[in-house]
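**Q** I need the structure of the sequence given here:
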Amino acid sequence: MKKDSYGRLKKEAFVFPNTYTNSIGMEFILIPAGKFEMGSLEDENNWYKNEKPVHKVNIEKTFYLGKFLVTQKQWVEVMGSNTSKFVGDSRPVDRVSWNDAQEFINKLNEKDSTGKYRLPSEAEWEYACRAGTGTRYSFGDNESELDEYCYCGNLEIGSHPVGQKKTNPWGLYDMHGNLWEWVQDMYHDSYADAPADGSAREDADVSSKIMRVLRGGSWQTSAVGCRSASRYYYPPVARRNSSRLGLRLLRET
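**A** Here you go, the predicted structure:
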């Protein structure tokens with residue numbers, strides 16, 4: 001330990017490593033604390049009403065976010081079976097309901113003897129996806145570049161192995177397209193009264209019939225639906241069209 005000017009030992013702040021790999025080989029990227037504007041900005045084309053109002057969010061703590069979507073190999077190691085439609089060890093697990101995701105998280109926390117794994121909040125997910133940008137996508141506004149970063153638009157049917165495209169500025173793969181990703185929040189049709197601290201909304205919106213939020217778009221989603229601000233929702237038990245639904249985990253620091 002270093003000493004201060006009076007010769008006293010100085011307590012140094014712990015520095016978290018930039019990456020983390022767990023017992024089943026899941027890789028995580030350290031996401032810094034910070035502030036951002038959540039939602040579709042006024043000059044963004046083709047935005048939807050549920051992406052408004054734009055509001056400032058302060059992410060107060062660092063966290064780790066999965067570098068990739070959870071793969072089928074990782075899912076089987078924890079759950080013991082694979083119900084995915086598009087089978088492959090390195091493909092993201094699909095046909096996953098929100099409730100299935102919670103069961104996976106509980107079992108992984110038991111396996112790793114930790115309580116640190118969970119789904120990201122909607123705000124944490126968008127913050128990590130944007131990675132400091134305010135554009136339609138994490139790489140800019142130009143849809144012609146989508147193919148370099150994203151599987152979307154039904155160009156090829158089905159999910160694709162993770163990590164085959166370019167990353168966003170913070171090193172995360174497939175934040176646009178491949179599979180819709182469950183987040184923790186209950187769905188509301190606007191951001192009115194949304195938390196400003198990045199926490200998940202767990203208060204039920206009667207009009208939403210207790211839906212849970214999905215982010216990021218999928219292999220079948222249009223370019224508009226794969227924007228950083230785009231959001232969708234399904235019931236937490238949903239398996240309809242669930243070959244488009246997967247998950248990415250957050251690990252608390």
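**Q** What about the residue nearest to residue 30 when sequence neighbours are not counted, how many residues nearby?
**A** What sits nearest to residue 30 in space, not counting adjacent residues and going by Cβ to Cβ, 6 or more residues apart in numbering, is residue 18, at 4.9 Å. Any C-beta I mention is one placed from the backbone N, CA and C, and that applies to glycine too. By other Cβ atoms under 10 Å, 11 other residues sit near residue 18.
**Q** Contacts only, for residue 143.
**A** For residue 143, the contact set (Cβ atoms under 8 Å, 6 or more residues apart in numbering) comprises 136, 223.
**Q** Dihedrals phi and psi, it?
**A** phi -60, psi -20 (degrees, to the nearest 10).
**Q** do you know how far it is from residue 39?
**A** 20 Å (Cβ to Cβ, to the nearest Å).
**Q** pLDDT value on the residue nearest to residue 21 when sequence neighbours are not counted, please?
**A** Leaving aside its chain neighbours, residue 21 sits nearest to residue 27 (5.3 Å; criterion: Cβ to Cβ, 6+ apart). Looking at residue 27, its pLDDT is 98.
**Q** Tell me the helix or strand right after the strand ranked longest in the chain.
**A** Of all segments of type strand in the chain, defined using DSSP state E, the longest is strand 180-186. Scanning forward in sequence from strand 180-186 by DSSP states H and E, the next helix or strand is strand 212-215.
**Q** counting contacts, what elements does the helix or strand following that next one pack onto?
**A** Following strand 212-215 in sequence order, the next helix or strand is strand 231-234 (DSSP H and E). Secondary-structure packing of strand 231-234 (3 or more Cβ pairs under 8 Å, 6 or more residues apart in numbering; DSSP states H and E): strand 212-215.
**Q** now for the strand it packs on, which elements pack on it?
**A** Going by 3+ Cβ pairs under 8 Å, 6+ apart, strand 212-215 lies up against helix 122-130, strand 180-186, strand 231-234.
**Q** Parallel or antiparallel, list what pairs with that strand.
**A** Using DSSP bridges, strand 212-215 pairs in its sheet with strand 180-186 (antiparallel), strand 231-234 (antiparallel).
**Q** Redo these as a markdown table? Include mean neighbour count, distance to residue 101 and mean pLDDT.
**A** Converted to a markdown table, those look like this (neighbours: other Cβ atoms under 10 Å; distance: least, Cβ to Cβ, whole Å; pLDDT from 0 to 100):
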| stretch | mean neighbour count | distance to residue 101 | mean pLDDT |
| --- | --- | --- | --- |
| strand 180-186 | 26 | 5 | 97 |
| strand 231-234 | 22 | 12 | 94 |
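**Q** which one of these lies closest to residue 76?
**A** strand 180-186 (18.5 Å; Cβ to Cβ).
**Q** what distance separates the closest one from the centre of its chain?
**A** 8 Å (Cα atoms, centre = their mean, to the nearest Å).
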